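[1] This is the structure alone, sequence omitted:
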């Protein structure tokens, strides 16, 4: 979850062609059905001729692919970047936010993101309350349908990605409260996307409730920040925990 925008670089030192090329690449990545050159150029706001040259370069280098209808999608070379990205630990700004949330809420806070097709806990700070949730270890992964962080990340997938995820998954019952009905899960995901945070009460672990909020880069959810609390305190202080977690996510969100 390294910050992709180095804001310490002066604007005059950037290369406009690279900015335009990455804008095209990101816009095409957000289009599950692919985009034509004309559509990509219009949506990014650059001349058609420029878009042709940049897209052809990205195609030649393997960062884009083209189907029979001449629509462009992400290409295989992007996987190299994704693997490299997955090896990088969270940046200091996100670790500091997790520490701050744990300190102000008194509850265990953690940072999660997608890794190898699963939502993985990347960093965890235990809360200061005498009775608190422990044992949320780094590399906690899977069971996205039962975890607040997992539901949050699922809610921000595009439709094609979500269908691809669900077709390969069995929604396993982990506690009596776990949602194992696909339609009920889909309904939850729509609500999460609408309100901007995810809640989970004793679905993953009995006696534990969680709140999770997104960290966004534009319209893309690159990760989420979560607090976990003993369920009775979670119920009693839910509004406060939601406000604190959402605020933490918004502070780390980038336009």
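    The structure has been received and is ready for your questions. Just so we're clear, the structure is a prediction, and the values are computed from it rather than from any experiment. Numbering: from 1, shown residues only.
[2] Report the contact partners of the residue nearest to residue 144 when sequence neighbours are not counted.
    Closest residue to residue 144 apart from its sequence neighbours, by C-beta to C-beta, 6 or more residues apart in numbering: residue 150 at 2.8 Å. The way it works is simple: take the backbone N, C-alpha and C, and place the C-beta from them, glycine included. Contacts for residue 150 (C-beta atoms under 8 Å, 6 or more residues apart in numbering) come out as 112, 119, 142-144.
[3] try 7 Å this time
    119, 143-144 (C-beta atoms under 7 Å, 6 or more residues apart in numbering).
[4] so where's the stretch 101-250 of the chain uncertain?
    Scanning the stretch 101-250 of the chain with the threshold set as pLDDT under 70 gives 130-139.
[5] just the strands in it please.
    108-115, 118-125, 198-201, 208-217, 220-230 (DSSP state E, counting those that start in this stretch).
[6] Tell me which of the ones you listed sits nearest to residue 74.
    Between residue 74 and the strands of the stretch 101-250 of the chain, the tightest spacing by C-beta to C-beta is seen for strand 220-230, at 12.8 Å.
[7] Would you mind getting the angle between the closest one and strand 118-125?
    Calculated by axes from the mean of the first three to the mean of the last three C-alpha atoms, to 10 degrees, strand 220-230 forms an angle of 60 degrees with strand 118-125.
[8] What residues sit buried inside strand 220-230?
    221-230 (16 or more other C-beta atoms under 10 Å).
[9] Hey, what's the angle from it to strand 208-217? Just curious.
    Using the same axes, to 10 degrees: strand 220-230 against strand 208-217 is 160 degrees.
[10] buried stuff in stretch 214-221?
    Within stretch 214-221, the residues scored as buried using 16+ other C-beta under 10 Å are 214-217, 221.
[11] okay but residue 77 is in contact with residue 60, surely?
    No. Counting by C-beta atoms under 7 Å, residue 77 does not reach residue 60; the two are 10.4 Å apart.
[12] neighbour-wise, which of the two wins?
    Counted by other C-beta atoms under 10 Å, residue 77 and residue 60 do not tie: residue 77 has more neighbours, with 14 against 10.
[13] ok, now how distant is the closest residue to that one other than its chain neighbours from residue 81?
    Leaving aside its sequence neighbours, residue 77 sits nearest to residue 62 (C-beta to C-beta, 6+ apart; 3.5 Å). Taking C-beta to C-beta, to the nearest Å as the measure, residue 62 falls 11 Å from residue 81.
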